[in-house]
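**Q** Quick one, what's the 3D model for this:
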Amino acid sequence: MQVSPEELSKQLIEYRKATRALMFYYDAAEALFNLIENELDSLNLFRGKVDNLDRFQDTEENDWEFPKGVTFAAFKDVTGGINSWDISCCSEDDAKPRKNSVLLYIKLDMDYFPYNDPKDSISVLVIYAYKINHVKGRLGKSDTIDGLEDNFKPFSENDNVDEYGEPKSLMKLKLFPNSWVPTDKYKGDFAAGLYDLSELSDEDAVRNIVIKDIKDLLEKWEV
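**A** Below is the predicted model of the structure:
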């Protein structure tokens, strides 16, 4: 890359602005993480919990759609460094996939559509939830609810999720009964939601929107 000294000086100013803005974002993301963790703890349901701040561990380049014109290394280092966290928690303290077990997965994503122009992307909280309705046979030593491969019955065009259960646009936490069929041994319900981070501007908004929807889902599941 070759630019004039004047153009490089302008670019560096913008980089410094972005760096300082991300410092504020990092603190806000950390506060959101702590708030959601505390709210989940108060439900007294999720006994097994894994918090992950490194979303790119053992990830191959072709697993991600990242901005054109940058290397995957740059995308990985920047995205992994802006506190895009996730929380995975299970109703079983040993994460075993028993009947009526529930797995909840919440992910903070600064740039949900990174292959789009920034104004056409969005900053979000993504929620996935699973409930096991059927277990056939005995549990194996290696069987864990968060280790099961996602597999779904075909969703309809109006479901707003793709074949992998990924929300395609903003949506409240939506239940898809009997749609999760990871193996012949396990079957169950799936739910997904995609929340605009700009609408979660304070603790009350997080509780009244995100946490409320999680509680409503758990009530439907009678857990």
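**Q** What is the least confident helix or strand in the chain?
**A** Here the helix or strand of the chain ranked lowest by mean pLDDT, DSSP states H and E is strand 48-52, holding a mean of 63.
**Q** could you dump the helix or strand just after that strand to PDB, C-alpha only?
**A** For strand 48-52, the following helix or strand on the C-terminal side (DSSP states H and E) is helix 72-80. Extracted in PDB, the C-alpha atoms of helix 72-80 (Å, rounded to 0.1, in the frame of the first residue of the first chain):
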ATOM      1  CA  PHE A  72      -8.200 -12.700   7.800                       C
ATOM      2  CA  ALA A  73      -5.400 -12.000  10.300                       C
ATOM      3  CA  ALA A  74      -6.400  -8.400  10.600                       C
ATOM      4  CA  PHE A  75     -10.100  -9.300  10.900                       C
ATOM      5  CA  LYS A  76      -9.300 -11.900  13.500                       C
ATOM      6  CA  ASP A  77      -7.100  -9.700  15.600                       C
ATOM      7  CA  VAL A  78      -9.300  -6.600  15.600                       C
ATOM      8  CA  THR A  79     -12.600  -8.500  16.100                       C
ATOM      9  CA  GLY A  80     -11.200 -10.700  18.800                       C
END
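**Q** can you pull the buried residues of the helix or strand hosting Ile13?
**A** If you go by DSSP H and E, Ile13 is part of helix 5-42. Judged by neighbour count using 16 or more other CB atoms under 10 Å, the buried positions of helix 5-42 are 22, 25, 29, 32-33, 35-37, 39-40. For the C-beta atoms, the positions are set from N, CA and C on the backbone; glycine is no exception.
**Q** And for stretch 154-174?
**A** Buried, per 16+ other CB under 10 Å, within stretch 154-174: 155, 159-161, 165, 167, 172-174.
**Q** Show residues contacting it.
**A** 122, 124, 126-129, 150, 152, 176, 179, 190-196, 213-214, 216-217 (CB atoms under 8 Å, 6 or more residues apart in numbering).
**Q** change it to 6 Å
**A** 127, 152, 191-194, 196, 213, 217 (CB atoms under 6 Å, 6 or more residues apart in numbering).
**Q** One more: stretch 89-107?
**A** Under CB under 6 Å, 6+ apart, the answer for stretch 89-107 is 45-49, 86-88, 126-132, 135, 139, 143-146, 186, 223.
**Q** With only the CA atoms kept, save it in CSV.
**A** Presented in CSV, the C-alpha positions along stretch 89-107 are these (Å, rounded to 0.1, in the frame of the first residue of the first chain):
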residue,chain,number,x,y,z
CYS,A,89,-24.7,-21.9,30.0
CYS,A,90,-26.5,-25.2,30.7
SER,A,91,-29.1,-26.3,33.1
GLU,A,92,-26.9,-29.3,34.0
ASP,A,93,-23.8,-28.6,36.0
ASP,A,94,-22.0,-31.4,34.1
ALA,A,95,-23.5,-30.2,30.7
LYS,A,96,-24.9,-33.7,30.1
PRO,A,97,-27.7,-33.7,27.5
ARG,A,98,-30.6,-35.2,29.6
LYS,A,99,-34.3,-34.9,28.8
ASN,A,100,-35.5,-31.4,29.5
SER,A,101,-31.9,-30.0,29.6
VAL,A,102,-31.6,-26.4,28.4
LEU,A,103,-28.6,-24.8,26.8
LEU,A,104,-28.5,-21.0,26.4
TYR,A,105,-25.9,-19.2,24.2
ILE,A,106,-25.6,-15.4,24.1
LYS,A,107,-23.1,-13.7,21.9
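**Q** Nothing else from me, thank you.
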